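Chemist: Coordinates only, no sequence provided:
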């Protein structure tokens with residue numbers, strides 16, 4: 001019976017939906033995390049009677065026809081890139097991106113990745129790095145005698161060194177923007193890679209050409225909303241249960257049909 005296979009696709013789809021929701025909930029406190037949403041598509045239809053076909057010798061046509069759906073499949077898992085809440089940290093090396101854009105990160109392989117997580121620190125050489133020790137690009141090196149670090153909204157990094165009255169500029173952070181941010185490839189550790197769907201990055205000074213600005217001493221919180229995710233989880237659970245009941249009902253109907261034949 002086709003209902004068994006159709007309901008099975010529904011259960012598999014809702015299982016995927018729950019996996020996406022659980023990942024969102026698990027990352028509620030992940031800096032710069034963007035929640036995801038599973039989207040689905042209906043499968044091919046079995047056409048028993050085609051709409052518009054002739055139904056009599058007088059030229060009348062079938063207005064709607066007969067089509068039976070074969071179930072559902074996963075279409076995509078879409079990343080929602082709306083702004084997260086700004087959280088003050090008190091760390092002068094932390095930066096939050098308010099608006100569009102990603103920080104550039106130099107991977108050990110030499111590849112450039114991108115991140116919204118601005119919880120930064122210094123390594124043993126004074127370089128500005130991520131929490132995993134990956135260097136931020138363009139490279140920023142803080143002098144060992146620096147007593148104060150200032151990062152402007154436009155990404156300009158200034159330091160005040162011991163014995164100096166005026167701060168000096170040591171570099172400028174840049175932001176990368178993409179035509180399709182949802183097309184970036186997530187590789188974990190709050191990092192993304194350019195893909196064929198995302199398009200090539202456009203590098204800009206923060207605050208220029210629609211790029212976001214930087215807020216020193218802040219990080220961007222996850223944009224996961226607990227109430228919305230719990231609601232979506234309940235809906236997914238009920239849909240899974242309903243598909244399970246369809247399978248039970250179809251099995252009972254098959255059992256009844258077998259008994260009639262015997």
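Modeler: In hand now; what should we look at? Source: prediction; values computed, not measured.
Chemist: where does the residue nearest to residue 189 when sequence neighbours are not counted land in three-state SS?
Modeler: Spatially, and ignoring its direct neighbours in sequence, residue 189 is nearest to residue 132 (5.8 Å; CB to CB, 6 or more residues apart in numbering). Any C-beta I mention is one placed from the backbone N, CA and C, and that applies to glycine too. At residue 132 the chain is in coil, as set by DSSP: H, G, I helix; E, B strand; the rest coil.
Chemist: State the pLDDT value of residue 132.
Modeler: According to the prediction, residue 132 has pLDDT 93.
Chemist: Give me the phi and psi angles of it.
Modeler: phi -90, psi 0 (degrees, to the nearest 10).
Chemist: Give me the neighbour count for it.
Modeler: Residue 132 sits with 12 neighbouring residues when counted by other CB atoms under 10 Å.
Chemist: Nearest the middle, which residue of this protein would you pick?
Modeler: residue 79 (2.9 Å; CA atoms, centre = their mean).
Chemist: List the contacts of the closest residue to residue 43 other than its chain neighbours.
Modeler: Nearest residue to residue 43, sequence neighbours excluded (CB to CB, 6+ apart): residue 70, at 4.1 Å. Contacts for residue 70 (CB atoms under 8 Å, 6 or more residues apart in numbering) come out as 2, 5-6, 9, 43-46.
Chemist: Repeat that for residue 127.
Modeler: By CB under 8 Å, 6+ apart, residue 127 lies in contact with 135-136, 139-142.
Chemist: Show me what counts as buried in stretch 134-151.
Modeler: Judged by neighbour count using 16 or more other CB atoms under 10 Å, the buried positions of stretch 134-151 are 134-137, 140-142, 146, 149, 151.
Chemist: Now for the chain, the helix or strand with the poorest mean pLDDT.
Modeler: strand 45-49 (a mean of 78; mean pLDDT, DSSP states H and E).
Chemist: Distance from the helix or strand following that strand to the middle of the chain?
Modeler: Using DSSP states H and E, the helix or strand that follows strand 45-49 in sequence is strand 66-69. In terms of CA atoms, centre = their mean, to the nearest Å, the centre of strand 66-69 is found 34 Å from the chain centre.
Chemist: Let me know the average pLDDT across the helix or strand just after strand 66-69.
Modeler: Using DSSP H and E, the next helix or strand after strand 66-69 towards the C-terminus is strand 72-79. Averaging pLDDT along strand 72-79 gives 93.
Chemist: ok, residues contacting strand 72-79?
Modeler: Contacts for strand 72-79 (CB under 8 Å, 6+ apart): 9-10, 13, 16, 20, 34-43, 181-182, 184, 186.
Chemist: Of those residues, which belong to helices?
Modeler: Counting by DSSP state H, the part of the contacts of strand 72-79 found in helices is 9-10, 13, 16, 20.
Chemist: For those, give me JSON lines that also has distance to residue 172, neighbour count and pLDDT.
Modeler: What follows is these, written out as JSON lines (distance: CB to CB, whole Å; neighbours: other CB atoms under 10 Å; pLDDT from 0 to 100):
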{"residue": "9", "distance to residue 172": "52", "neighbour count": "19", "pLDDT": "94"}
{"residue": "10", "distance to residue 172": "52", "neighbour count": "19", "pLDDT": "94"}
{"residue": "13", "distance to residue 172": "47", "neighbour count": "22", "pLDDT": "95"}
{"residue": "16", "distance to residue 172": "43", "neighbour count": "16", "pLDDT": "96"}
{"residue": "20", "distance to residue 172": "38", "neighbour count": "19", "pLDDT": "97"}
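Chemist: what about residue 162, how many neighbours?
Modeler: When neighbours are counted by other CB under 10 Å, residue 162 comes out with 10.
Chemist: What's the separation between it and residue 174?
Modeler: Here the criterion is CB to CB, to the nearest Å. By it, residue 162 lies 29 Å from residue 174.
Chemist: Tell me the one of the contacts of residue 127 nearest residue 120?
Modeler: Distance to residue 120 across the contacts of residue 127 (CB to CB) is lowest for residue 136, with 6.6 Å.
Chemist: Just to be sure, the closest one is in a helix?
Modeler: No - going by three-state DSSP, the assignment for residue 136 is strand, not a helix.
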